[in-house]
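**Student:** what shape does this take:
(one chain, ligands or ions: 1)
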Amino acid sequence: MADVPLNDLSRQSQSLEGELRAALGSVLTSGWYVLGPQHDAFEQEFAAATGAAHCIGVGNGTDALELALLSVGCRPGDEVVTAANASMYTATAALKAGLTPRFADVDPATLLLTAATVEPVLTPRTRAVVVTHLYGRLADVGPLRDLCRAAGVALVEDCAQAAGARDGDRPAGSLADVAAFSFFPTKNLGALGDGGAVVTDDPDRAQLVRSLRQYGWSSKYTVSLPNGRNSRLDEIQAAALRIKLPHLDAWNARRREIVGRYAEALGDGVRRMVHGADVDSTAYVGHLAVMVTETREADRAALTEAGIRTDVHYPVPDHRQPVLAAANAAVSLPVTERAAEQVLTLPCFAEMTDDEIGRVCDVLRKL
Ligand SMILES: Cc1ncc(COP(=O)(O)O)c(C=O)c1O
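**Tutor:** Sure thing, here's the model as predicted:
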């Protein structure tokens, strides 16, 4: 019997193969490969989907984060507060922009930042807070917005794992000053290579990102801004994303269903799905099916033995990463550090078969 994979991107490509081939074929014959009609149409469609006035397609989610930080006025030496349990993407973007990442602990139930965990970490040098909607669960953004407004600090959403999530009728990407998305192939909305986007309601911020993603040009061949770079969403990726976007809600619903099945299989024992209580809410889109367990290595071995692939998202908190460890030696984040030892990711992708989900549940019931 074949293993149950953590993810299998080829299944989604197969399910859309005819449409994808036609769209890619039309890009091929158009002769227009960068910043063309597919890109323009995707920017409009994704802005509409996220409820934002502006979408700017960029090369990947890490660039999207960096450009979002620059767009809210971050300058070298400023501090950016974020969580330490989301694998360094925000910290990498901050370091690249000459900013200092500072880390707040997360809520033990949701593993997300809250206003209460962020507040003690703010200093007069804090210019922005980046809230990551980890594993596809929207953070409680309202109180964070209030906190940031009172402190005169910008709030950035990292929506890389939460495309399509909604807080009531407000989509991920419309909850803060500016938002960053990744379209890395494993994301809920994934391209066929790297891709990302910045979305915002603010026209000046949007214009700044538009300029920075293309060399810092104010007009063709006229560089008016420092910090420019080449980071654009290409036509092939935009065309593929346009095919996939209309399916996002259905895929997200299937992901929630899968996580719900796992939560049910675990029951009320000592192990739990981190967002098992959120599977009836569109504020959760099941990007990763993560459980917490005090016996991770044994559980992982039992799953592996049964042919179930697993992973750990993420094993090393940002403040303990080699590149940041010395500067953060005195930082203690007990919830984050404990979670790094207890989280275990189970297979979850919209094209999983019922049989595969059942095989995972059978093992979970016996743990
Ligand atoms: C939470 C989060 N933020 C940012 C990123 C960075 O995106 P990318 O890999 O497209 O640079 C990712 C994924 O890779 C992510 O999961």
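**Student:** break the chain into its domains for me.
**Tutor:** Following automatic domain parsing, the chain resolves into domains at 9-104+111-245, 247-366.
**Student:** the ligand: which of those domains is closest?
**Tutor:** For the ligand, the closest of the domains of the chain is domain 9-104+111-245, at 2.4 Å, according to Cβ to the nearest ligand atom. For the C-beta atoms, the positions are set from N, CA and C on the backbone; glycine is no exception.
**Student:** which parts of the stretch 51-200 of the chain sit against the ligand?
**Tutor:** For the stretch 51-200 of the chain, the residues in contact with the ligand (Cβ under 6 Å from any ligand atom) are 60-62, 86, 89, 132, 158, 160-161, 182, 184, 194, 196.
**Student:** can you pick the most crowded of those?
**Tutor:** The most neighbours of any of those, using other Cβ atoms under 10 Å, belong to Ala160, which has 30 neighbours.
**Student:** what's the nearest residue to that residue if we skip its chain neighbours?
**Tutor:** Using Cβ to Cβ, 6 or more residues apart in numbering and skipping the chain neighbours, the partner closest in space to Ala160 is Ser182 (3.8 Å).
**Student:** show me what contacts His54?
**Tutor:** His54 sits next to Ala47, Val199, Thr200, Asp201, Asp202, Pro203, Arg205, Ala206 when contact means Cβ atoms under 8 Å, 6 or more residues apart in numbering.
**Student:** returning to that earlier point: from the residues of the stretch 51-200 of the chain next to the ligand, which land in strands?
**Tutor:** Thr132, Asp158, Ser182, Gly196 (DSSP state E).
**Student:** could you dump those residues into JSON lines and include pLDDT and distance to Ile243?
**Tutor:** Formatted as JSON lines, those follow (pLDDT from 0 to 100; distance: Cβ to Cβ, whole Å):
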{"residue": "Thr132", "pLDDT": "98", "distance to Ile243": "27"}
{"residue": "Asp158", "pLDDT": "98", "distance to Ile243": "25"}
{"residue": "Ser182", "pLDDT": "99", "distance to Ile243": "18"}
{"residue": "Gly196", "pLDDT": "98", "distance to Ile243": "18"}
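**Student:** one step back: looking at the domains of the chain, which is closest to Ala2?
**Tutor:** domain 247-366 (7.4 Å; Cβ to Cβ).
**Student:** what about the closest one, average pLDDT?
**Tutor:** What domain 247-366 shows for mean pLDDT is 98.
**Student:** how far does that domain stretch from start to finish?
**Tutor:** 34 Å (Cα to Cα, to the nearest Å).
**Student:** centre-most residue in this protein?
**Tutor:** Per Cα atoms, centre = their mean, the C-alpha nearest to the average position across the chain is that of Ala160, at 2.0 Å.
**Student:** distance of that residue from Leu111?
**Tutor:** From Ala160 across to Leu111, the span is 15 Å (Cβ to Cβ, to the nearest Å).
**Student:** ditto for Asp318
**Tutor:** 14 Å.
**Student:** the helices in the stretch 251-367 of the chain, which residues?
**Tutor:** Assigned helices in the stretch 251-367 of the chain, in chain order: 296-305, 334-342, 354-366 (criterion: DSSP state H, counting those that start in this stretch).
**Student:** next one: the stretch 101-250 of the chain
**Tutor:** Per DSSP H, counting those that start in this stretch, the stretch 101-250 of the chain carries helices over the ranges 115-118, 141-151, 203-212, 235-244, 248-266.
**Student:** packing partners for the shortest one?
**Tutor:** In this structure, helix 115-118 makes packing contacts with helix 141-151, judged by 3 or more Cβ pairs under 8 Å, 6 or more residues apart in numbering; DSSP states H and E.
**Student:** run the last query once more with 10 Å
**Tutor:** On a contact count with 3 or more Cβ pairs under 10 Å, 6 or more residues apart in numbering; DSSP states H and E, helix 115-118 meets strand 79-83, strand 100-104, strand 126-132, helix 141-151.
**Student:** which among those is found nearest to Leu189?
**Tutor:** Nearest of the helices and strands packed on helix 115-118 (Cβ to Cβ): strand 126-132, 16.6 Å.
**Student:** and that closest one, what does it pack against?
**Tutor:** Going by 3+ Cβ pairs under 10 Å, 6+ apart, strand 126-132 lies up against helix 61-71, strand 79-83, helix 89-96, strand 100-104, helix 115-118, helix 141-151, strand 154-158, strand 178-182.
**Student:** and the first one with strand 178-182, angle?
**Tutor:** Which is helix 61-71. Interaxial angle, helix 61-71 versus strand 178-182 (axes from the mean of the first three to the mean of the last three Cα atoms, to 10 degrees): 170 degrees.
**Student:** quick one, helix 61-71 and strand 79-83 angle?
**Tutor:** 140 degrees.
**Student:** what residues of helix 61-71 count as buried?
**Tutor:** By neighbour count on 16 or more other Cβ atoms under 10 Å, the buried set for helix 61-71 is Gly61, Thr62, Asp63, Ala64, Leu65, Glu66, Leu67, Ala68, Leu69, Leu70, Ser71.
**Student:** how about the fifth one: what's its closest non-neighbour residue?
**Tutor:** With Cβ to Cβ, 6+ apart as the measure, Ala93 is the residue that lies nearest to Leu65, at 3.7 Å, once sequence neighbours are left out.
**Student:** pretty sure the one you found sits against Leu70.
**Tutor:** Yes: counting by Cβ atoms under 10 Å, Ala93 touches Leu70, with 9.4 Å between them.
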